[in-house]
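What follows is a predicted structure for the sequence shown.
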Amino acid sequence: MKRYVVVFVAFGLLLSTVVYAESFLKNIRVNGFLSQAFMKSSKNNFLTRSKKGSFEINELGLTLSTNLTDRLRFGMQLFSRDLGDLGNNSVVLDWAFADYRLTNWLGIRLGKVKAPLGFYNEGRDTDFLRPMAFLPQGIYTEAYRGFIVAYQGAGLYGNILMDKLGDIGYHAFIGTGNISKDETLVKHLENILNMLEPYTGITISNMSINTKLAAGGRVEWNTPLTGLRLGGSYLNYDSEFLVHPGAPNIGGLKVPGWLVLSMEYMAGNFTLAAEYSEMKTEISAFDIPEPLEKQTNQTYYVMLSYMLNNKVTLTGLVDIHYDDKDDKKGEKFVEMGLPDYMGWRKDMGLCLRYQVNKNWMLKAEWHAIDGAALYMHLYNLDGFEKKWNYFIFKTSVSF
Amino acid sequence: MKKIILMSIILAFCCVGFFSQEEAIGIIVNKGNGLSSITTNVLRNIYLGKQILWPDDKTIRVAVLKEGKIHDKFLKTIVKQNATQFNLFWQNQTFTGTGVAPTIFQTEDELKTFIRDNPGSIGYISMAAIDDTVKKLSVL
């Protein structure tokens, strides 16, 4: 009898697999994108060896999605990028998840999912979705992309429709993250730990970060004023540093609270976006009871786009970032014998975007920057300056 | 002279009527759909992927025209976006995995056939192209 039950269950599983496989193949959608840029900067390198001019900026993505049933779908994106020393065009799984929608106001996502942080984090890897070549770096810095780009776990989302009061969209999640060893943030943390070498006698290299917890979410209200949406996001993050299996605890990075408030208003050919962010960080090291570094960085930006016609869009940006909101003059850097301007980054940018057709886009962009926050010292080991600028030309295709 | 002016006014009125008839948009659904009307708010929510279920809990299948005056007018008056903004919105949903873009049709006849054959589907075509293979919803 037991054998018959096993055979019956196996047959059922096989049958359902065949049915789902047929549905999977029938409904599969394939999309993709490819972009390549050239960047040239003055005085400081930015992300790449850009002082000499760099082509080391590209992105490729291939997206597959399918509806297994009316309510259940599956999707994934393979992603490859080169950004100076980051990525080097290795192919990674950017996101891959199953999505089950129970009602308009409740759906479940399981797998690796783009994290909701601010209004633009989910779309950060696709050039077509960004008004400028890079998102405002104060919040969406490439230096710690790895730990905010996606979560691996479970998320709840939905839209609460309120008729004339608009609607409220939400996405809450809990899980872990996946940070690559070549991330700028990891190098920065290694540097901090190595500053303690005279006391610990331990030199840290080839460190990785194990995420213990990533939890957060976003709520956004699409207001009755057509085109205006307001939102708030929150992230809580806890991790430990790993050197090699079996090594003693050498510390960890905590983000006990990252708050982003967002506003976007689309009216006719204008789009106005503004966000405010405060990110608390605590770095612990070895057995030192107090955090080695405990601070709150602060960012705010305003970005205004105007679509001159269906092809040409002009975007302006003012993006202000402080490494520590309680030390806006960078005095702690001066105390360490470093320049005060490591404490801030003030970015003014202008971008001309030309939509050649629905699938092909060009961007030409210029930025003037004051300050060297966000780890500029790691891209400029031979020194860096306070005022610098960069130009970037980028072309992207999608299908 | 008065007659000429009167004739000109009548002719102009007829032309306006003709063009507005040609460009008037009808919202169409499968004949099995129990609704007879829909609000612009609901339509906008459907076309921006916020409402994915009909009141009877059936999944909504959204159809759009690829381009043209009807498409542009529908987006402008109902979705409150232009074609570029609407494309970007759905590219965002597609490349982040957060939504499934509407099915795109080259012609009104193709879209109409899709609506006829798929329960739960919704689309828009010119009033002149609507026939009894689909159901027209009045927009409130």
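Done, it's in.

Okay, helices next: where are they in chain B?
B:2-23, B:40-47, B:69-74, B:83-96, B:108-117 (DSSP state H).

how about the second one, does it reach chain A?
Spelled out, it's helix B:40-47. Yes - counting by CB under 8 Å from any CB of the partner chain, chain A is contacted by helix B:40-47 at B:41, B:45. (Each C-beta comes from the backbone N, C-alpha and C, glycine too.)

Now do that helix against helix B:83-96, angle only.
50 degrees (axes from the mean of the first three to the mean of the last three CA atoms, to 10 degrees).

which strands and helices sit next to helix B:40-47?
Applying 3 or more CB pairs under 8 Å, 6 or more residues apart in numbering or on different chains; DSSP states H and E, one finds that helix B:40-47 contacts strand B:61-65.

The strand it packs on near chain A anywhere?
No - Strand B:61-65 stays clear of chain A (CB under 8 Å from any CB), getting no nearer than 8.9 Å.

got the angle for that strand vs helix B:40-47?
Going by the same axes, to 10 degrees, strand B:61-65 makes 90 degrees with helix B:40-47.

Just the C-alpha atoms of stretch A:278-294, please, in PDB.
Provided in PDB are the C-alpha atoms of stretch A:278-294 (Å, rounded to 0.1, in the frame of the first residue of the first chain):
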ATOM      1  CA  GLU A 278      19.300  59.700   7.700                       C
ATOM      2  CA  MET A 279      21.300  56.500   8.100                       C
ATOM      3  CA  LYS A 280      22.600  55.400  11.500                       C
ATOM      4  CA  THR A 281      25.700  53.100  11.400                       C
ATOM      5  CA  GLU A 282      27.600  51.300  14.200                       C
ATOM      6  CA  ILE A 283      30.800  49.500  13.600                       C
ATOM      7  CA  SER A 284      32.000  47.200  16.300                       C
ATOM      8  CA  ALA A 285      35.500  45.600  16.300                       C
ATOM      9  CA  PHE A 286      37.000  42.700  18.200                       C
ATOM     10  CA  ASP A 287      36.000  42.700  21.800                       C
ATOM     11  CA  ILE A 288      35.900  46.400  22.300                       C
ATOM     12  CA  PRO A 289      32.700  47.100  24.200                       C
ATOM     13  CA  GLU A 290      31.900  50.500  22.600                       C
ATOM     14  CA  PRO A 291      31.200  50.800  18.900                       C
ATOM     15  CA  LEU A 292      34.400  51.800  17.000                       C
ATOM     16  CA  GLU A 293      32.300  54.200  14.900                       C
ATOM     17  CA  LYS A 294      28.800  55.400  15.600                       C
END
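
List the contacts of that stretch.
The contact list for stretch A:278-294 (CB atoms under 8 Å, 6 or more residues apart in numbering or on different chains) reads A:189, A:192-193, A:196, A:200, A:202, A:249-259, A:295-299, A:325.

let's see it at 7 Å
Residues from elsewhere that reach stretch A:278-294 (CB atoms under 7 Å, 6 or more residues apart in numbering or on different chains): A:189, A:192-193, A:196, A:200, A:250-259, A:295-298, A:325.

Filter those down to the buried ones, PyMOL style.
Entered in PyMOL, the line below selects the buried ones among these, by 16 or more other CB atoms under 10 Å in any protein chain shown:
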select buried, chain A and resi 189+193+196+200+250+251+252+253+254+255+258+295+296+297+298
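
Looking at the contacts of stretch A:278-294, which are in strands?
Counting by DSSP state E, these place A:251-259, A:295-298 in strands.

How about the residues of chain B by chain A?
Within chain B, the positions adjacent to chain A are B:41, B:45, B:50-53, B:59, B:80, B:84-85, B:87-88, B:91-92, B:94-98, B:100 by CB under 7 Å from any CB of the partner chain.

Can you get me the start-to-end distance on stretch A:301-316?
11 Å (CA to CA, to the nearest Å).

May I see the buried residues of it?
Under 16+ other CB under 10 Å, the buried positions of stretch A:301-316 are A:301, A:303, A:304, A:305, A:307, A:313, A:315.

so where is the chain shaky, pLDDT-wise?
Just going to use chain A. Chain A contains residues with pLDDT under 70 at A:1-26, A:245-246.

wait, chain B
Ranges of chain B meeting pLDDT under 70: B:1-22.

Run through who's touching stretch B:53-72.
A:70-71, A:103-104, B:23, B:25, B:34, B:46-47, B:51-52, B:83, B:102-106, B:108, B:111, B:114-115, B:118-126.

Mind listing what's buried along that stretch?
Across stretch B:53-72, burial judged by 16+ other CB under 10 Å covers B:53, B:54, B:58, B:60, B:61, B:62, B:63, B:64, B:65, B:70, B:71.

Keeping just the C-alphas, turn that stretch into PDB.
Listed next in PDB are the C-alpha coordinates belonging to stretch B:53-72 (Å, rounded to 0.1, in the frame of the first residue of the first chain):
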ATOM      1  CA  LEU B  53      -8.400  41.800  -9.700                       C
ATOM      2  CA  TRP B  54     -12.000  42.500 -10.700                       C
ATOM      3  CA  PRO B  55     -14.700  42.700  -8.000                       C
ATOM      4  CA  ASP B  56     -15.500  39.100  -8.600                       C
ATOM      5  CA  ASP B  57     -11.900  38.200  -7.900                       C
ATOM      6  CA  LYS B  58     -11.000  37.300 -11.400                       C
ATOM      7  CA  THR B  59      -7.500  38.400 -12.600                       C
ATOM      8  CA  ILE B  60      -7.500  41.500 -14.900                       C
ATOM      9  CA  ARG B  61      -5.700  41.100 -18.200                       C
ATOM     10  CA  VAL B  62      -4.700  44.500 -19.500                       C
ATOM     11  CA  ALA B  63      -4.300  45.300 -23.200                       C
ATOM     12  CA  VAL B  64      -2.900  48.400 -24.800                       C
ATOM     13  CA  LEU B  65      -2.300  49.700 -28.300                       C
ATOM     14  CA  LYS B  66       1.300  50.100 -29.300                       C
ATOM     15  CA  GLU B  67       1.000  53.700 -30.400                       C
ATOM     16  CA  GLY B  68      -1.300  56.200 -32.200                       C
ATOM     17  CA  LYS B  69      -3.700  58.900 -31.400                       C
ATOM     18  CA  ILE B  70      -6.200  56.700 -29.500                       C
ATOM     19  CA  HIS B  71      -3.300  55.400 -27.400                       C
ATOM     20  CA  ASP B  72      -1.900  58.800 -26.600                       C
END
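
Residue A:214 and chain B, how far apart?
Distance of residue A:214 to chain B, computed by CB to the nearest CB, to the nearest Å: 17 Å.

who does the host helix or strand of that residue pair up with?
If you go by DSSP states H and E, residue A:214 is part of strand A:208-222. Strands that pair with strand A:208-222, judged by DSSP bridges, come out as strand A:167-176 (antiparallel), strand A:228-242 (antiparallel).

Which residues outside the last one are in contact with it?
Going back to what we said before, that points to strand A:228-242. So strand A:228-242 is in contact with A:116-119, A:147, A:189, A:207-223, A:249-265, going by CB under 7 Å, 6+ apart.

Go through that strand and flag the buried ones.
A:228-231, A:233-242.

what's the most distant pair in the residues you listed?
A:228 and A:242 (44.9 Å; CB to CB).

pretty sure residue A:80 is in a helix, no?
No - under DSSP: H, G, I helix; E, B strand; the rest coil, residue A:80 sits outside any helix and is assigned strand.

That one touches residue A:60, doesn't it?
Yes - between residue A:80 and residue A:60 a contact is recorded at 4.6 Å, counting by CB atoms under 7 Å.

Now render the buried residues of stretch A:301-316 as TSV, adding distance to chain B and secondary structure.
Formatted as TSV, the buried residues of stretch A:301-316 follow (distance: CB to the nearest CB, whole Å; DSSP: H, G, I helix; E, B strand; the rest coil):
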residue	distance to chain B	secondary structure
A:301	19	strand
A:303	15	strand
A:304	15	strand
A:305	10	strand
A:307	7	strand
A:313	8	strand
A:315	13	strand
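
Looking at the residues you listed, point me to the pair that's furthest apart.
A:301 and A:307 (19.8 Å).
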